[in-house]
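K.L.:
Turn this into a structure:
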Amino acid sequence: MKSYGQFCPIAKAAEIFCERWTALVLRNLGAGASRFNDIHRGVPHMSATLLTRRLRQLEAEGLVERQRSVSGKSWTYHLTAAGAEFLPLVGALAVWGQRWTRRDLEDGELDLGLLIWGLEYSVNPGVFGTPRRVVKLSVTDQPEHKRRYWFVCEDGTLDLCVSDPGGETDLYLSASLPDLIHIYRGDLPLDVAVDSGRLTVDGPPKLIRKLGAWFNFGVMAGTPPAEGSPARREPRGRETGSPAAISDPGIGDAGTA
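P.N.:
Residues are numbered from 1 along each chain as shown. Reported below is the predicted structural model:
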């Protein structure tokens with residue numbers, strides 16, 4: 001890590017935090033990713049070699065610690081108390097980004113893998129209770145081999161499957177990748193997406209009413225763009241509105257992401 005050559009604590013902290021990719025690696029660890037491959041899935045444009053080096057640097061700085069996995073054949077990575085103290089900073093960056101940088105998606109930002117990773121680490125599988133519930137997501141504009149994902153929710157845990165896990169599917173969701181990103185990011189409220197047909201939902205009404213809580217939209221998704229930001233100045237060509245949530249009185253607080 002490059003030094004600013006200053007004794008100022010802001011400079012010392014920035015030497016660690018402002019290194020490229022570091023904030024995203026901390027975000028991934030804070031979201032609950034602990035295995036190397038799972039951390040890497042959240043930064044798909046970062047090389048595995050660079051991620052290895054960055055994790056070692058963060059470990060040397062006391063922000064990350066390695067632990068043997070349950071099998072003893074690999075390592076897992078976890079934030080220390082010092083690393084966890086950076087998470088409010090990561091959250092503040094998310095809110096600032098929502099307020100001041102949000103605009104229409106560029107082609108290079110339509111990242112299916114990052115969306116699925118984000119859903120895996122943000123949805124709340126516990127809203128359906130203890131029984132096994134399966135949510136099938138179809139990304140309608142993707143190639144056949146990348147189109148379907150199953151979120152198996154059971155007893156408060158989540159298992160993401162890229163092939164049919166068998167058994168009954170309880171909820172069916174389908175939308176294009178851009179619309180799913182807009183929903184996930186909070187640009188397109190969930191009720192607007194459903195009412196306009198941009199998100200197709202099929203399943204028992206009692207489960208559909210819990211969909212907003214399952215998506216678990218947090219502070220970032222609920223943050224509107226600031227007055228004077230590019231999102232306010234430029235025509236966006238899509239519906240915007242209040243924070244994403246199905247407007248049903250049966251749905252409680254959507255939680256945090």
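K.L.:
what kind of secondary structure is Leu137 in?
P.N.:
strand (DSSP: H, G, I helix; E, B strand; the rest coil).
K.L.:
That one pairs with what?
P.N.:
Beta bridges link Leu137 to Tyr149, Leu173, judged by DSSP bridges.
K.L.:
Show residues contacting stretch 32-48.
P.N.:
Stretch 32-48 has contacts (CB atoms under 8 Å, 6 or more residues apart in numbering) with 21, 24-25, 27-29, 31, 51-52, 54-55, 69, 74-78, 111, 113-114, 117-118, 121. No exception for glycine: its C-beta is placed from N, CA and C like everyone else's.
K.L.:
Go again with 6 Å.
P.N.:
With contacts defined as CB atoms under 6 Å, 6 or more residues apart in numbering, stretch 32-48 is touched by Trp21, Leu24, Asn28, Leu51, Thr76, Tyr77, Gly113, Trp117, Tyr121.
K.L.:
Repeat that for stretch 224-234.
P.N.:
Defining contact as CB under 6 Å, 6+ apart, one finds that stretch 224-234 is touched by Arg99, Trp100, Arg102, Arg103.
K.L.:
a helix runs through the last one, doesn't it?
P.N.:
If I follow you right, that is Arg103. No. Applying three-state DSSP, one finds Arg103 to be coil, outside a helix.
K.L.:
Which secondary structure state is assigned to the residue most central in space within the chain?
P.N.:
Nearest to the geometric centre of the chain sits Gly118, at 2.6 Å (CA atoms, centre = their mean). Assigned by three-state DSSP, the conformation of Gly118 is helix.
K.L.:
Distance check, it against Leu199.
P.N.:
According to CB to CB, to the nearest Å, Gly118 stands 16 Å off from Leu199.
K.L.:
now do Gln98
P.N.:
20 Å.
K.L.:
next one: the least confident helix or strand in the chain by mean pLDDT to chain centre, how far?
P.N.:
Lowest by mean pLDDT, DSSP states H and E among the helices and strands of the chain is helix 230-233, with a mean of 72. Offset of helix 230-233 from its chain centre (CA atoms, centre = their mean, to the nearest Å): 23 Å.
K.L.:
List the backbone torsions phi and psi for Val176.
P.N.:
Quick fix: residue 176 reads Ser, not Val. Main-chain torsions, Ser176, degrees, to the nearest 10: phi -80, psi 160.
K.L.:
same deal with Cys153?
P.N.:
Dihedral angles of Cys153 (phi, psi; degrees, to the nearest 10) stand at phi -110, psi 120.
K.L.:
which residues does it bridge with?
P.N.:
Cys153 has these beta-bridge partners by DSSP bridges: Arg133, Leu158.
K.L.:
That one - how many residues pack around it?
P.N.:
By the criterion of other CB atoms under 10 Å, Cys153 has 24 neighbours.
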